[in-house]
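[1] attaching a predicted model along with its sequence, questions to come.
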Amino acid sequence: MVKLPNKEFRKLVKDVRDPKKKKEIYQAQEQRKTFWPEYNLSKINEIKDILNFIRNSVNEIKIKESVGCVGRPPTSAHTLAKAILFCESNLTPERQGEGWLELFGPYLGIFGNLDDRVIGEAYCRPDVIYILNEIFENKKTSDGKLEGDGTGLERSRKDNYESTKNKKAGQYMTSIVDSREIVQAFDISGKQECRVMHELIEKVKGDSIRLDAGFNDRELVKKISSLGMTPYVFPKCNNKLNGDPYWQGMYLKFYYNTIEWLKEYHQRSHTESFHSSFKRTFGIITKLRFTCKFTQVLARIIIHNFKRQSYFDKLD
């Protein structure tokens, strides 16, 4: 049996983490350029494009509308899905949204006034959530280069994830994005992020996936590899190369071709970039009930994905 270089491997992991030796190991990489004409054009047409997207994407989803037995019939799920997407895209509370929808509603296909309380309760309606989830699944695209990580979701400006580490349901999100920062899968259940990742990777398709040391788990690496994706999971200082072929293969590549491995791994920063942009753009989570929180996050991710996809479509 060939002896594995465990001692040398652990030393390399320490060197990669050592701030003093990073300058010797890491090489400067060219930053991705921003194509300003296309970016400016996407921002100029953003409102119009979003309104068209909301109207068309919701109308494409077929669903049997619920009919009440007595009294006034319930508001159409398609109408409420459009209202939620409009409010979240414009960062508009329901009260203000009621007024804005009087102006923009006919363009979206919303006729008649919507009460702010009706819009608020729509966040918990199963048929509305179904429509939004179908839009998310149908409209997302992927370039196959995936990255995953977790982040806190603030419900108040006083919240600080780094100091509180609050991972309650609805206040912590684990997500997988591609290199264009288009979200492929997400979870806000509050489960430990490595456990959640076991479930999320079954919902995505890609060529490779990058995860930090918080996901350093042999079973997860094996599962990723069995799904046909190349794993890049950052090693811990106490890891050994011994194990199944998937585990050995990943870290032998790291040991023998360190720079190329790190170049691939550090594309994981796109996940952190998405989390930062998502929270800066949309702000705090305003809903209280878990189902409503999920709907709010889902609607915001749909809008985020559309904006990113629209920008890259203009590049093409």
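    That came in fine, so what should we check first? Quick caveat, the model's predicted, so the values are computed rather than measured.
[2] contacts for stretch 48-56?
    42, 82, 85-86, 89, 104, 107-109, 303, 306-307, 310 (Cβ atoms under 8 Å, 6 or more residues apart in numbering). In short, each C-beta sits where N, CA and C put it, glycine included.
[3] list the contacts of the closest residue to residue 88 other than its chain neighbours.
    Residue nearest to residue 88 in three dimensions, not counting chain neighbours: residue 299, with 4.2 Å by Cβ to Cβ, 6 or more residues apart in numbering. Each residue near residue 299 by Cβ under 8 Å, 6+ apart is listed here: 84-85, 88, 132.
[4] sorry, back to before: of the contacts of stretch 48-56, closest to residue 194?
    residue 303 (28.6 Å; Cβ to Cβ).
[5] which of the three states applies to the residue nearest to residue 88?
    Following DSSP: H, G, I helix; E, B strand; the rest coil, residue 299 is assigned to helix.
[6] what residues are up against residue 204?
    Listed by Cβ under 8 Å, 6+ apart, the contact partners of residue 204 are 142, 146, 176, 184-185.
[7] can we see that at 7 Å?
    Residue 204 makes contacts with 146, 176, 184-185, as judged by Cβ atoms under 7 Å, 6 or more residues apart in numbering.
[8] now do residue 235
    With Cβ under 7 Å, 6+ apart, residue 235 has these contacts: 13, 213, 216, 251, 254.
[9] strands along the stretch 1-150 of the chain, start to end?
    145-152 (DSSP state E, counting those that start in this stretch).
[10] and the contacts of stretch 138-145?
    57, 178-180, 182-184, 205-208, 267, 305-306, 309.
[11] for those, which one is nearest residue 232?
    residue 208 (6.5 Å).
[12] skipping adjacent residues, who's closest to residue 42 in space?
    residue 311 (4.8 Å).
[13] pLDDT of the helix or strand hosting that neighbour, averaged?
    Element membership for residue 311, per DSSP states H and E: helix 290-315. Mean pLDDT, helix 290-315: 93.
[14] hmm, back to that, in PyMOL, how would I select the buried members of the contacts of residue 235?
    The PyMOL command for the buried members of these (criterion: 16 or more other Cβ atoms under 10 Å) is given here:
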select buried, resi 13+216+251+254
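[15] quick revisit: and the residue nearest to residue 88, how far from residue 54?
    10 Å (Cβ to Cβ, to the nearest Å).
[16] and for residue 257?
    Following Cβ to Cβ, the distance that separates residue 257 from residue 54 is 46 Å.
[17] again with residue 74
    20 Å.
[18] so where's this structure uncertain?
    For the chain, residues meeting the criterion pLDDT under 70 lie at 1-2, 21-29, 65-72, 157-166.
[19] list the buried residues for stretch 53-63?
    Buried, per 16+ other Cβ under 10 Å, within stretch 53-63: 53-55, 57-58, 61.
[20] er, stretch 86-96 I mean
    86-89, 92, 94.
[21] send the alpha carbons of that stretch over as PDB?
    Extracted in PDB, the C-alpha atoms of stretch 86-96 (Å, rounded to 0.1, in the frame of the first residue of the first chain):
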ATOM      1  CA  PHE A  86     -44.200  44.200  -7.500                       C
ATOM      2  CA  CYS A  87     -44.000  45.100  -3.800                       C
ATOM      3  CA  GLU A  88     -40.700  43.200  -3.300                       C
ATOM      4  CA  SER A  89     -39.100  44.500  -6.500                       C
ATOM      5  CA  ASN A  90     -39.800  48.100  -5.500                       C
ATOM      6  CA  LEU A  91     -39.200  47.600  -1.700                       C
ATOM      7  CA  THR A  92     -42.700  48.800  -1.100                       C
ATOM      8  CA  PRO A  93     -44.700  48.000   2.100                       C
ATOM      9  CA  GLU A  94     -48.200  46.700   1.500                       C
ATOM     10  CA  ARG A  95     -49.900  50.000   2.400                       C
ATOM     11  CA  GLN A  96     -47.900  51.900  -0.200                       C
END
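[22] show me the contact partners of it.
    Outside of stretch 86-96, the residues within contact range by Cβ under 7 Å, 6+ apart are 50, 54, 97, 100-101, 104, 108, 116, 119-120, 282-283, 296, 299-300, 303.
[23] which of these fall within helices?
    50, 54, 97, 100-101, 104, 108, 116, 119-120, 282, 296, 299-300, 303 (DSSP state H).
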